[in-house]
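Asker: Structure, please.
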Amino acid sequence: MKRILILAAILLAAVSCKSGTKTLLPNVSGKAGEVIVIMDKNNWDGDLGSEVRDILAGDCPYLAQKEPLYNMANVSPTGFADIFKVHRNIVIFKIDPTLAEGGMLYQADVWARPQCVIQLSARDAAEAIQLFKDNEERILSTLEQAERDRIIANCKLYEERSLAAEVRATFGGSPHFPSGYKLKKKTDDFIWIADEKQYSNQGVFIYRYPTGEKENLTVENIIAQRNRVLQDNVPGMFPGTYMTTGDYIKPTVEYIRFRGRQFAQTRGFWEVHNDYMGGPFVSHAFYSPDAKSVIVVEAWVYAPRYDKRQYLRQVESIIYSFEWDKPGEEEKK
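Answerer: Below is the predicted model:
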């Protein structure tokens, strides 16, 4: 009987391989926000390496202190062993003068899962630099989306489902909140959910206000409405204090289409009026399905003792996970 079972398992594995079933991959290694760059030492110490560091390890925007966008490590092509092949983010530079032409290739889950691998092929360092510059925005967005998707997947795996139910009941859709987040405040038009620890606070606001006759999604209108809503709903520690928008660096807005949704993404700094607290925020403002309201989903961080890049990336990923209710979804739960 044992022999029969073993033979059956072998036959099943063989059939699976022949039918094209993908090999089971290990989980990725490395810390969040890390990128391994495969490049020989001469190029790493030269203009090509300098260009890559300027872009991938440049300053993360809208943080009070300087922090790199990504932490990077260089590995030579000859040293690119199995231990490095399972890293979460890999950028490979293939420099070969015999190539017919250069180009860039993006692949997911090559040696591990969920993995992001970007390969740039060029005949020399100068061509590689130009290729990298020409694709800078695409490379950055690919890495950022890979990091974001991993966070969203964990949010869904360890989700506090009761929080999404509260938000859906009020706004008709919700982000996915991971364990640790708790409801702090709820009104008819405002919800505050946060993960509060001793020395850090990652918060999400969801609120709405009626659409006006003028353009609703300008940065000026978004900030004016933000300040009004937060003054009414987010008091500080002392009388006469409340959360508002800092003006020492002006907020910026970018109009984004992401997986079927369109929204105005605003970045800036929040502060507490008449107090010394503050930190980064990012918000997504978009119209309700009936276009009668503007809905805002906002992520913010307070972590005075720590670097804030990863805290912000985590909570920003939560608001990117927003989904509208689907018909019949409640009946299935």
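Asker: C-alpha only now, for contacts and for neighbours.
Answerer: Fine.
Asker: how is this structure carved up into domains?
Answerer: Here the domain parsing of the chain from automatic domain parsing is 19-153, 161-332.
Asker: Is it correct that Tyr158 is in contact with His176?
Answerer: No. Tyr158 is not in contact with His176 according to CA atoms under 8 Å; the separation is 9.4 Å.
Asker: neighbour-wise, which of the two wins?
Answerer: Shown here are Tyr158 and His176; by other CA atoms under 10 Å, His176 has more neighbours (27 against 14).
Asker: Tally up the residues packed near Ile295, please.
Answerer: 23.
Asker: and the gap between it and Asp195?
Answerer: According to CA to CA, to the nearest Å, Ile295 and Asp195 sit 22 Å apart.
Asker: Counting neighbours, which bits of whichever strand or helix holds Phe132 end up buried?
Answerer: Taking DSSP states H and E as the definition, Phe132 sits inside helix 125-134. Across helix 125-134, burial judged by 16 or more other CA atoms under 10 Å covers Ala125, Glu127, Ala128, Ile129, Leu131, Phe132.
Asker: how many degrees apart are whichever helix or strand comes after that helix and helix 125-134 in direction?
Answerer: The element immediately downstream of helix 125-134 (helix or strand, assigned by DSSP H and E) is helix 136-157. Going by axes from the mean of the first three to the mean of the last three CA atoms, to 10 degrees, helix 136-157 is angled at 60 degrees with respect to helix 125-134.
Asker: What segments of the stretch 151-300 of the chain are helices?
Answerer: 161-171, 219-233 (DSSP state H, counting those that start in this stretch).
Asker: Now mean neighbour count and mean pLDDT too, for those, in a markdown table please.
Answerer: Formatted as a markdown table, these follow (neighbours: other CA atoms under 10 Å; pLDDT from 0 to 100):
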| stretch | mean neighbour count | mean pLDDT |
| --- | --- | --- |
| helix 161-171 | 16 | 96 |
| helix 219-233 | 16 | 97 |
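Asker: Kindly reformat those as CSV containing distance to Lys94.
Answerer: Converted to CSV, the helices of the stretch 151-300 of the chain look like this (distance: least, CA to CA, whole Å):
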stretch, distance to Lys94
helix 161-171, 45
helix 219-233, 43
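Asker: closest one to Thr142 among the ones you listed?
Answerer: Thr142 sits nearest to helix 219-233 of all the helices of the stretch 151-300 of the chain, at 26.2 Å, using CA to CA.
Asker: Gly49 should be in a helix, yeah?
Answerer: Yes. Inclusion of Gly49 in a helix is indicated when DSSP: H, G, I helix; E, B strand; the rest coil is applied.
Asker: what residues are up against it?
Answerer: Asn43 (CA atoms under 8 Å, 6 or more residues apart in numbering).
Asker: Ramachandran angles for Tyr306?
Answerer: When read as degrees, to the nearest 10, the backbone of Tyr306 gives phi -130, psi 160.
Asker: Could you check how far it is from Glu144?
Answerer: Distance, Tyr306 to Glu144, by CA to CA: 21 Å.
Asker: what about these two, which has more around it?
Answerer: Of the pair Tyr306 and Glu144, Glu144 is the one with more neighbours under other CA under 10 Å, namely 17 against 11.
Asker: Distance check, that one against Gln265.
Answerer: Applying CA to CA, the value for Glu144 to Gln265 is 15 Å.
Asker: would you turn the buried residues of helix 125-134 into a markdown table with distance to Asp45 and pLDDT?
Answerer: Formatted as a markdown table, the buried residues of helix 125-134 follow (distance: CA to CA, whole Å; pLDDT from 0 to 100):
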| residue | distance to Asp45 | pLDDT |
| --- | --- | --- |
| Ala125 | 12 | 96 |
| Glu127 | 17 | 97 |
| Ala128 | 14 | 97 |
| Ile129 | 13 | 97 |
| Leu131 | 18 | 97 |
| Phe132 | 16 | 97 |
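Asker: Any idea how many residues pack against Arg305?
Answerer: The number of residues near Arg305, taken as other CA under 10 Å, comes to 8.
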